[in-house]
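Novice: Here is a sequence with its predicted model. Questions after.
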Amino acid sequence: MKFEQYQKLKALAISRCADEGKEYPDPKGMNPIVLAYIGDIVFSTYVRLRILPNSSQVRVLHDLSAKMVSAVCQAKAMRALAGELMEEETGVYHRGRNAKSMVPKSASVQEYREATAFEALIGYLFLSDMQDRCEELMEKAFQTIITHCELRITH
């Protein structure tokens, strides 16, 4: 996308922010990368709230939460959850996993795609008002990450 195009799209989005009463798009038709964007926010908030009672040091909270929401840890969580997904959730998982995006150096392509699938699933459940199921999967993911990810922080 050219910079000029980006600037126009950004200006349009900003102008639309002032409109009240707009409904969310149907999550079933949303781009899986947008679902992953929302899922990342939801899961990051969930993790931060879960670890909050365990330290009063912001740096510790930040370092731990950043590690827990990394693509590597989310991929492990997604692999653990894959067998428990309902048919509709499996479809969202596949859409998220197959979405094309830039892969960071901190994870393999497979890990990043699994993490994107996880975030897309969480975003989908959140936007579909399936809060109980969303929280159930986030808790299972959290427990998988605590158990199976290397959470030591090195600097």
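Specialist: Nice, I can see it. Residues are numbered from 1 along each chain as shown.

Novice: CA atoms for contacts and neighbours, from now on please.
Specialist: Noted.

Novice: Tell me where this structure has strands.
Specialist: Counting by DSSP state E, the chain has no strands to list.

Novice: pLDDT weak spots in it?
Specialist: Residue ranges of the chain with pLDDT under 70: 152-155.

Novice: now the helices for it?
Specialist: 3-17, 32-51, 58-68, 71-81, 87-98, 109-127, 131-148 (DSSP state H).

Novice: Quick one: residues contacting Lys76.
Specialist: Counting by Cα atoms under 8 Å, 6 or more residues apart in numbering, Lys76 touches Thr144, Ile145, His148, Cys149.

Novice: Only the buried subset of these, as a PyMOL command please.
Specialist: Selecting the buried subset of those in PyMOL, with 16 or more other Cα atoms under 10 Å as the burial test, is done by:
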select buried, resi 144+145+149
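
Novice: Quick one: the contacts of Lys76 as TSV, columns for distance to Ser56 too.
Specialist: TSV is the format used below for these (distance: Cα to Cα, whole Å):
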residue	distance to Ser56
Thr144	24
Ile145	21
His148	25
Cys149	23
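
Novice: what's the closest of the helices of the chain to Glu23?
Specialist: Counting by Cα to Cα, Glu23 lies closest to helix 109-127 out of these; the figure is 10.8 Å.

Novice: Wait, Ala80 touches Thr144, no?
Specialist: Yes: Ala80 is in contact with Thr144 according to Cα atoms under 8 Å; the separation is 7.3 Å.

Novice: And Ala107, how far from Thr116?
Specialist: 12 Å (Cα to Cα, to the nearest Å).

Novice: now Leu35
Specialist: According to Cα to Cα, Leu35 and Thr116 sit 9 Å apart.

Novice: Looking at those two, which is more packed in?
Specialist: Taking other Cα atoms under 10 Å, Leu35 and Thr116 do not tie; Thr116 has more neighbours (32 against 27).
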